[in-house]
Each structure stands twice: as C-alpha cells, then as structure tokens.
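Visitor: Here is my input, please return the structure:
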Amino acid sequence: MAGTKHYTLPTNFYCTVQRIFVILLISAFFGFNAGAQAHLIVGESIYEADPQGNPDTKIDRKSFDNAQKTARSLLAGPILYDQSELINYPGQGFGGANVSGSTGMLLGVSNNISSNLILADEFVVPPGELWIIDSIVVFHYQTQTVASTVSSINDIRMQLRQSAVPGMGTIVFGDLVTNRLVNSSFSTIFRTRSNDLTNNLRPIMRSAVNLSDLPLTSGTYIIEYMAGGTLSTGPFALLRTLGTTHITTGNGFQFNVNWNNLLELDASGNNPLPKGTTFIVYGTNCTPPEASFSATASTCTNVTPNNNGSVTLVSQNNATHFGVSTAGAMSYDGPLSIGAATTLPANGTPVLSGISHAGASYIIRVFNGADACFIDVPIAVPSGPDCALNGIFDLALNKTVASLPIPTSPGMLITYTLTVINQGDFAATNVGLNDFIPTGLSLVDADWTAIGNTASLNQAINNIPPGGQASVDITFMINNMASGNLVNNAEISAASGGTDEDSSPGNGFAASSEDDFSSADVDICILPTLTVKNDTVCRGSAVDLSSLVLSHTGDELDYFNSLQDAEAGTNALISSNVVVNSATHYYIKTTYDPALPGCETIERVTIYLKSPNCAAISVSGP
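Guide: This next block holds a predicted model:
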C-alpha cells in the first residue's frame, strides 16, 4: 500500500530482537491531520520479545478469584457507554482467564505520562438525553518480568472536551496535570499474541477516574488521557478488539508532537486500519426535567408594602423535586440532593412566597428522581410598585399678579406668584411647576428655565404637608409684542408621594375637574400719542379744539380748561368748540382704555393772541 512501511516478519516471533515501539503510518487517507506527512504511532509491537523471566509463574488461585471479584465490584452501576471490547479468546488464557489476543501488529499503544503520549477517543450523548457521569474506566498494561495481577498503574491524568476533535473545544472536566486515579485493579483479562494465549506477563488493568456526577448534555465528547505506572515499560493502552481479525474498530487518536489517527498495520505490516481505544463511561442516563415558573411582584396596602412577591410553578415534565438558592446568589447554593429538596407541587402552586417588595433573583434547581439529574432555572421577581403613589392628595394651584406697574406697558417688569395648596391627607414631594409663556412676555427669572414657550421651575418644591401650601414667584418683562388682555397660564407638572384625585399633573391643559392649572391676566397699555398742529387763530373767533391736535390711535378726545381737571377727568368742556378772546391754555386728553388706570395721554394747547386784527396769532403745543 502506498505510503506504508512494510516490516518483514522474523522466522521466530520470540527470538531476542531489539524492541519495536514505532509503527510508521500515513494517516492522510483517514481524514484527520490530512496531508502527505508521515506520522508515528508509538506502541509495543507483537515482535517484542518477552522479558527474561518465568512466563509460567503460577498465580495463587485464591488471589486470582479475589481479583475477579474486585473487577466485578468496580463494574457496579449503570454503564452509559461501553467501548471496552477486549476479549476475543474467552476462557483460553492462563488459568482459564479471558484473553485479548492481538489482531494486528500492536500489542498496546504507548500512553505514558513521562513521554507526554496522550490518547483520545470520543463518545456521543444522544439528542434529548442528559448523562450524569459517575466515573470513566480506561485499560492499560505494563509488561512484567514476573507475572502478577496486582495493578502497577498508579497515575491517570484525564480531561474531557466537548468536541469531536482532540485538542480542540471546551474542557468540561479535568486536566492533564492532576492524578485523578481512584482505583486500579486486574480486569481478569490478559493481553497476548494470538498464538501465545496463555502468556501471563501482560495482565490488563482497569483504572477508574471519578467525575463526581458530571452532567453532560447531548453532543460529542472527547476523552484525553495518559497513564503512569511503577514498572519500567509502558503503560500501554489497549486497542478495541472486535473478533480475531484485523478490522476497523474505531476512531482513536494519539498525541506525539501532533495528534495522529490510531492506525494499526496487520501482522504482516500492511493494511493500516483505524482503531478505537478502550474505555467505559459509568453513570445515569437522566431524562432532563422541564419546568417553567412565573414571578409576581409584591403588592401594596395603601402606602404600605406587603412583601408578598411570589414564584409559581407554571408547567413541568419529568420533574420530581426542587430546591431554591438564596436570594441574589450568582450560582445555585440550595439543596443538592432530592432528600433535602422539596417535592414539586401541582402546576399553578406557588413554590416561593413572601418575597421582599424590592424583588429578588433566584436559581431554582429542578430534579428528576436523582441528585445529579437536574436543571437550573433562573427566575427574577420584579420589585413592587411605589406604594407611596397609592396615597391620595389633592394639589391645587393658584396664580396671581404679585407686582404690576402702572401703566402696564412694554419694557416694564411683571411678577406672578404661584401657590401650590395640598388639600389631601398625604405629603406631596418633588412638586414641579410649568409656566406657559404668552406672546408679549419674556422670561427674566434665574429660578426658571424656558424651553420654547414653557418655563420650568429649576428646583422642585421639596415637601408640602397635608393642608400646607408653598409659593414661588416668576418674573417677566413686557416686550413690544404685548397688546390688549394678556393671559398667563401655569400648571403643576409633577408630584411624588401620592395620586392627585382630581388632576393629572403635566398634561398641559385644564380639564373640567382639574384644579392644578391656573391663569392670571393683565391689560397691556399702549400709550396713545397726540400731536399739536400749528394754526392761526383770530381774536374773538370760534375755534374747534379737535382740529388743533392729531390722535394717532383714533380715540375720543376730551377737553379741559386745566391740567388738574384733565388728570382727574372732571369738568370737561361740553364741546370742542370755543370762542377765543384772550391768550389761554386748553388741555386735550385721550385714553387708550378708559378702564385701565394711567393708560392716557394729555397734551396742552396754548393759544397766543398777538394782534387785535388776528395778525401773527399762533397755536403751539407744550
């Protein structure tokens, strides 16, 4: 076969020859580590001469029987996966023992810790199953010079990966540094050449590693392991043996600088075939339990938290018991056995109650009839509502004009007072206020911030006790866009400590029942202007005073003989028509809004008489 090194068999298998450990193979044909590179599989060849000694040393029958009993006791417990096929010559060995006879060129594969020769093989947890691994047993021998069934294996290093490829994937158990050997004992099987079945120098030892109920979900896993012993040779691991002929038996690997497929040649040095290693996986095939839960937050009685949050079982399948972690635990720290756990109740039954109003998180472990057959279900109970919001208060807002200039006209300042009154039974806290700025006003108050046409109080009112009130001011400047009746609205924007029974703070308007919205209005005075016109007046002539002035706002004019009368609005002339016989003063008054005090202009018209013939008589303003 191309790429295979052939060995010529010696005429006498048992003559003294140099020990053969290395079988040269090409593994490119078998998928792993592909390429035209030759790889070395290290092991003990069938051409290895037995050590000098007495191969026919008798073993005490009582000791042999005890060894068999010990081996059987180590097999206690369910087997989840068995790849330990070794016996192909039952009862034909030394003292009637079972024999694992060679079918190819190798007696065993080197697996010794000192040379870092790691073996690996795989097993599969079927879909939908959960395996709880108790232990794994591997098989080795060390070639003896004096036959003995006392195990010389004293060290097993083992790790488990979730992977289909050795050296890759997540390690779910162990390492290759720690000695994890629990016990090692004679398997009651001898390893021999196929034509030397009674040879007793290679008793096969079975060595157990405890995995402490390791849960494995469905998937492919790789066992990687090495062994140590007290003898000078090996330890050698056993290849899986199916029958007495050279056939494919698995998909094992050996690490020797690189990972290589375990390929064994036949006894003639031809036909490399992939082989599996030998191991047994013990444990429980657990049907994974299923369960779902719902969380309910704590409630309030008025303003008092009830601390009655709960967790309820919603559904379950293949589930028998449950345990609960402490609140807030990062990993499960509750009961570890079903003996200490609680029987799972019927669906719809609370499994946790009395949970704090603040809420909490838990891990619920659900078991299915065995300590190691479980799943962990995280559940978070939300915090309860703010019970303080259950208090009822009635906040009312009253807005008034605190400072109003007379006349109220552009460029002047106006201040409003906003008073919040707590008409309820619970204190109101963090009371916010909004003022809706109308056209004609500009905010000039550092205690407020305007965004668009809404001014918000920078610092909320901290506390207003039941029956109490609190006031704040807001100041604006009247700008040149102001005119007529100017309405300014304000509203309570937010409050804590309860619920307003008749208002919705911050909704931006006043519904029919709401008293958290208030308005104040002012009339803006735009001062009228009068301009005196120049004219000529003749002595003794009739003069229409209205023709001597111009009102720019078109208001009605009143006429007076004195400034005092004009300001008081009394003793007005009946008519604007007068007869002028001497130099005199008249006062003409216009009012923009007679109802608005001070929103008026008074101009004086002075009539000068210079000549009795009406010459150079003039009218002038003040």
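Visitor: Would you mark the buried spots in stretch 314-324?
Guide: Across stretch 314-324, burial judged by 16 or more other CB atoms under 10 Å covers 316, 318-324. C-beta coordinates here come from the backbone N, C-alpha and C atoms, glycine included.
Visitor: Residues touching that stretch, excluding its own?
Guide: With contacts defined as CB atoms under 8 Å, 6 or more residues apart in numbering, stretch 314-324 is touched by 287-294, 332, 334-336, 338, 340-344, 347-348, 351-352, 362-369.
Visitor: follow-up on the earlier one: ok, the buried residues of stretch 314-324 vs residue 133, which is closest?
Guide: Nearest to residue 133 among the buried residues of stretch 314-324, counting by CB to CB, is residue 318 at 19.3 Å.
Visitor: and the closest one, how far is that from residue 79?
Guide: To residue 79, residue 318 is 22 Å away according to CB to CB, to the nearest Å.
Visitor: do residue 182 as well
Guide: 17 Å.
Visitor: what's around residue 477, how many residues?
Guide: 16 (other CB atoms under 10 Å).
Visitor: Was I right to think it contacts residue 408?
Guide: No. Residue 477 lies out of contact with residue 408 (CB atoms under 8 Å); the separation is 11.7 Å.
Visitor: list residues touching both of those two?
Guide: residue 414.
Visitor: how far does stretch 179-193 sit from the chain's center?
Guide: 50 Å (CA atoms, centre = their mean, to the nearest Å).
Visitor: Alpha carbons only: can I get that stretch in PDB?
Guide: Extracted in PDB, the C-alpha atoms of stretch 179-193 (Å, rounded to 0.1, in the frame of the first residue of the first chain):
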ATOM      1  CA  ASN A 179      -3.500  12.500  39.100                       C
ATOM      2  CA  ARG A 180      -7.200  11.500  39.200                       C
ATOM      3  CA  LEU A 181      -6.800   7.800  39.700                       C
ATOM      4  CA  VAL A 182      -9.400   6.400  42.200                       C
ATOM      5  CA  ASN A 183      -8.600   2.700  42.000                       C
ATOM      6  CA  SER A 184      -6.900   0.300  39.600                       C
ATOM      7  CA  SER A 185      -7.400  -3.500  39.500                       C
ATOM      8  CA  PHE A 186      -6.900  -6.600  37.400                       C
ATOM      9  CA  SER A 187      -9.600  -6.800  34.700                       C
ATOM     10  CA  THR A 188      -9.300 -10.700  34.700                       C
ATOM     11  CA  ILE A 189      -8.000 -10.300  31.000                       C
ATOM     12  CA  PHE A 190      -4.500 -11.000  29.700                       C
ATOM     13  CA  ARG A 191      -3.100  -9.300  26.600                       C
ATOM     14  CA  THR A 192      -1.200 -11.800  24.400                       C
ATOM     15  CA  ARG A 193      -0.200 -12.600  20.900                       C
END
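Visitor: Buried residues, it. List them.
Guide: The neighbour-count check on stretch 179-193 (16+ other CB under 10 Å) flags 180-181, 183-193 as buried.
Visitor: Also stretch 220-230?
Guide: So for stretch 220-230, counting by 16+ other CB under 10 Å, buried means 221-229.
Visitor: closest to residue 533 among these?
Guide: residue 221 (112.6 Å).
Visitor: dump the residue contacts of that closest one.
Guide: So residue 221 contacts 122-125, 160-163, 172 (CB under 8 Å, 6+ apart).
Visitor: hmm, 10 Å instead?
Guide: Listed by CB atoms under 10 Å, 6 or more residues apart in numbering, the contact set of residue 221 reads 81, 121-125, 131, 133, 160-164, 169, 172-173, 281.
Visitor: filter those residues to the buried ones?
Guide: Here, 16+ other CB under 10 Å leaves 81, 121-123, 125, 131, 133, 160-163, 169, 172-173, 281 buried among those.
Visitor: ok, of those residues, which one's closest to residue 99?
Guide: Distance ranking of those against residue 99, using CB to CB, places residue 121 first at 22.6 Å.
Visitor: what's the span of stretch 370-384, first residue to last?
Guide: 36 Å (CA to CA, to the nearest Å).
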